[in-house]
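Visitor: My questions are about this predicted structure, shown below with the sequence.
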Amino acid sequence: MKLATYKDGSRDGQLLVVSRDLASAHYATGIAGRLQQVLDDWNFLSPQLQDLSDELNAGRVRHAFPFEPARCMAPLPRAYQWADGSAYLNHVELVRQARGAEVPASFYTDPLMYQGGSDDFAGPCDPVVVPSEAFGIDFEAEIAVVTADVRMGATPEQALDGIRLVMLANDVSLRNLIPAELAKGFGFFQSKPATAFSPVAVTLDELGEAWQGGRLHLTLQSSWNGRKVGMCDAGPDMTFHFGQLVAHIARTRNVRAGSIVGSGTVSNKGVEKNGRLEWPKGYSCIAEKRCIETIQDGAPKTDFMRYGDTIRIEMKGRDGQSVFGAIDQDVVGVEGSDTSASAVA
């Protein structure tokens, strides 16, 4: 089934069941008003939502209405935690190679992860709001999962059983703020504003054979200002699968229902062509493109995003239909935005 949350003036919105083709929807009011409520009582409430989904897809519900992604909040508008990994080590390798650094051996056995803000997610069509263009505005196209309760010490296989839903994410980064934050030794903070998620979150059965061993084997599309810049395969180059990422969190603590775990930037390896490495599948964040340019030509030449830019992130199934709907955002400033370079200081 596919689930979404409409804006209704409250912090947690109103839960919907959405048809498989994303054309129609039905309020889940008679079953549950909020997605967190469902995650807290999954075994009792999800079968009822599945029945409603089946009826909706068969065209047998009386009060269905056209689905409007622009009215959506994030499927889970606020979460107990948002932990984002870096499961595609090709991304890390490119960043390190561009600055002439080695990737530590531990990176290949122990996932990288940071704890992001989870109190203020953005809806799929909400703007990316940034106080200054000088902060280095970047999109990051990712996959994310929503968990059930996962006990401390769970194995990766046990953690996989705790995955309830899958969705897409735009984990916005402010690249010019990152170096100073990392230099403090405590990780990202101001450099990570509100993350946006796809209009719908889907259960694993909706993904069919594309979901294998905790990896989603479909193409993640990124279009910047209407130009397709990424057609990245989300499956084979994912070094750590989602079971491993969730188990990483659960090593020393319990993971509670409603936790969201991200994959990090989806990234594919380069291929050699005429003695030169090329990346024919493009990129899922601008920072990676700049690393590729540095490796190929000695310096980056692609600028970060500006006010008025747009980013669209979407994934289509093998039938050509959108699986999660599209994240479709404009980049905007706030009142009194400072576009000067001094704003980074």
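Guide: Alright, I've got the coordinates.

Visitor: I figured Lys269 was touching Pro236, is that so?
Guide: No: between Lys269 and Pro236 there is no contact under Cβ atoms under 8 Å: 9.1 Å. Where you see a C-beta, it was placed from the backbone N, CA and C, and this is true even at glycine.

Visitor: Mind checking which of those two has more residues around it?
Guide: Lys269 (15 against 9; other Cβ atoms under 10 Å).

Visitor: a helix runs through the more buried one, doesn't it?
Guide: No: Lys269 is assigned coil when assessed by DSSP: H, G, I helix; E, B strand; the rest coil, not a helix.

Visitor: what are the phi and psi angles of the residue lying closest to Gln321 once chain neighbours are set aside?
Guide: Excluding the flanking residues, the one nearest Gln321 by Cβ to Cβ, 6 or more residues apart in numbering is Asp21, at 6.2 Å. Backbone torsions of Asp21, given as degrees, to the nearest 10, read phi -90, psi 0.

Visitor: which residues does Tyr114 contact?
Guide: Contact analysis of Tyr114 by Cβ atoms under 8 Å, 6 or more residues apart in numbering lists Ala83, Asp84, Gly187, Phe188, Lys192.

Visitor: Give the helix, strand or coil label for it.
Guide: Using three-state DSSP, the structure places Tyr114 in strand.

Visitor: Retrieve the pLDDT associated with it.
Guide: pLDDT, Tyr114: 94.

Visitor: again with Ser337
Guide: pLDDT for Ser337: 52.

Visitor: And for Thr147?
Guide: Note on Thr147: pLDDT of 98.

Visitor: who's in contact with it?
Guide: Neighbouring residues of Thr147 by Cβ under 8 Å, 6+ apart: Gly162, Ile163, Arg164, Val246, Val255, Arg256, Ala257, Gly258, Ser259, Ile260, Val261.

Visitor: Near the closest residue to the fourth one other than its chain neighbours, how many other residues are there?
Guide: What it means is Val246. If the residues on either side of it in the chain are set aside, Val246 comes closest to Ala159, at 3.8 Å by Cβ to Cβ, 6+ apart. By the measure other Cβ under 10 Å, the count of residues near Ala159 is 26.

Visitor: which stretches of the protein aren't confidently modelled?
Guide: For the chain, applying pLDDT under 70 flags the ranges 336-345.

Visitor: Helices along that one, start to end?
Guide: 35-40, 42-57, 89-98, 156-161, 178-183, 242-249, 286-297 (DSSP state H).

Visitor: who wins for proximity to Ser222 among these?
Guide: Using Cβ to Cβ as the measure, helix 286-297 is the one of these that comes nearest Ser222, at 9.8 Å.

Visitor: now the strands for the stretch 51-200 of the chain?
Guide: Listed in chain order, the strands of the stretch 51-200 of the chain (DSSP state E, counting those that start in this stretch) span 65-66, 81-85, 113-116, 128-129, 137-138, 141-147, 163-170, 173-174, 196-197.

Visitor: Identify, out of those, the most deeply packed stretch.
Guide: Compared across the strands of the stretch 51-200 of the chain, strand 196-197 shows the largest average neighbour count, a mean of 28 (mean count of other Cβ atoms under 10 Å).

Visitor: which helices and strands does that strand pack with?
Guide: When contacts are defined as 3 or more Cβ pairs under 8 Å, 6 or more residues apart in numbering; DSSP states H and E, strand 196-197 packs onto strand 163-170, strand 327-332.

Visitor: For Arg78, which of those is the nearest?
Guide: Among these, the nearest to Arg78 by Cβ to Cβ is strand 163-170 (14.6 Å).

Visitor: and the angle from that closest one to strand 141-147?
Guide: Using axes from the mean of the first three to the mean of the last three Cα atoms, to 10 degrees, the direction of strand 163-170 lies 150 degrees away from that of strand 141-147.

Visitor: Output strand 163-170 as CSV, nothing but the C-alphas.
Guide: This file holds the C-alpha atoms of strand 163-170, laid out as CSV (Å, rounded to 0.1, in the frame of the first residue of the first chain):
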residue,chain,number,x,y,z
ILE,A,163,11.6,-2.0,7.9
ARG,A,164,8.0,-0.9,7.4
LEU,A,165,8.0,1.7,4.6
VAL,A,166,10.3,3.1,1.9
MET,A,167,10.3,6.6,0.5
LEU,A,168,12.6,9.1,-1.3
ALA,A,169,14.5,12.0,0.4
ASN,A,170,16.1,15.3,-0.6
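
Visitor: Can you name every helix or strand that it contacts?
Guide: Other helices and strands packing on strand 163-170, by 3+ Cβ pairs under 8 Å, 6+ apart, are strand 141-147, strand 196-197, strand 201-202, helix 242-249, strand 310-315, strand 327-332.
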